[in-house]
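Student: Have a look at this fold, sequence not included:
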DNA sequence: ACCTTGACCTTGG
DNA sequence: CCCAAGGCCAAGG
C-alpha cells in the first residue's frame, strides 16, 4: 500500500456528501479505474489506519454495515446527518444513501 | 516461494 | 436477511 493509493482513497472519501455513503467495493472500483490496482480489502486497510482524518462513517460494507469497533460514533454521525437507514436502524440503506463520484 | 491475514464481495442454499 | 465457500488483492512472516 503506497501513499499514492492511500491518498486516492482518502480524497474520494472526503468527497462523499453528508447523508450519503459508499461501500468499500465501490470505492475500490472508482480508485481502481484510475490507478489500475487495489480491491475492497485494500480500501479497508487504508481506512483502518488512515481513515481517522476523513468522514470514515460514510464508508460501509455493501450490506450497509458500519465499521467494527466504532459503531457508537458511526451511528451518532450517520443519524445526525440524516443518512437513510434500514427500518431497524442497524444498517445504512445503500439503495437510498449510495453515492458515486459525479 | 508458501502460508496467513484482513474496517471485503459474490454466489448459492 | 443469514451462513458457508470461494474469490480477491496486497502485505508480511
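Tutor: Arrived safely, thanks for sending. A quick note: this is a predicted structure, and the numbers were derived from the prediction, not measured. Numbering: from 1, shown residues only, chains lettered A, B, ... in the order given.
Student: Could you use CA atoms for every contact and neighbour count after this?
Tutor: Noted.
Student: I'd guessed residue A:59 sits against residue A:24; true?
Tutor: Yes - Residue A:59 is in contact with residue A:24 according to CA atoms under 8 Å; the separation is 6.5 Å.
Student: Any idea how many residues pack against the closest residue to DNA strand B within chain A?
Tutor: Going by CA to the nearest atom of the strand, DNA strand B is nearest to residue A:48 of chain A, at 2.9 Å. By the criterion of other CA atoms under 10 Å, residue A:48 has 13 neighbours.
Student: residues contacting the residue most central in space within chain A?
Tutor: Of all residues in chain A, the one closest to the mean position by CA atoms, centre = their mean is residue A:59, 1.5 Å from it. Shown in contact with residue A:59 (CA atoms under 8 Å, 6 or more residues apart in numbering): A:13, A:21, A:22, A:23, A:24, A:66, A:67.
Student: Helices along chain A, start to end?
Tutor: Secondary structure of chain A, counting by DSSP state H: helices at A:3-15, A:24-35, A:40-50, A:71-81, A:94-97.
Student: mind checking which of those is nearest residue A:88?
Tutor: Residue A:88 lies closest, by CA to CA, to one member of the helices of chain A: helix A:71-81, at 12.4 Å.
Student: All good on my end, thank you.
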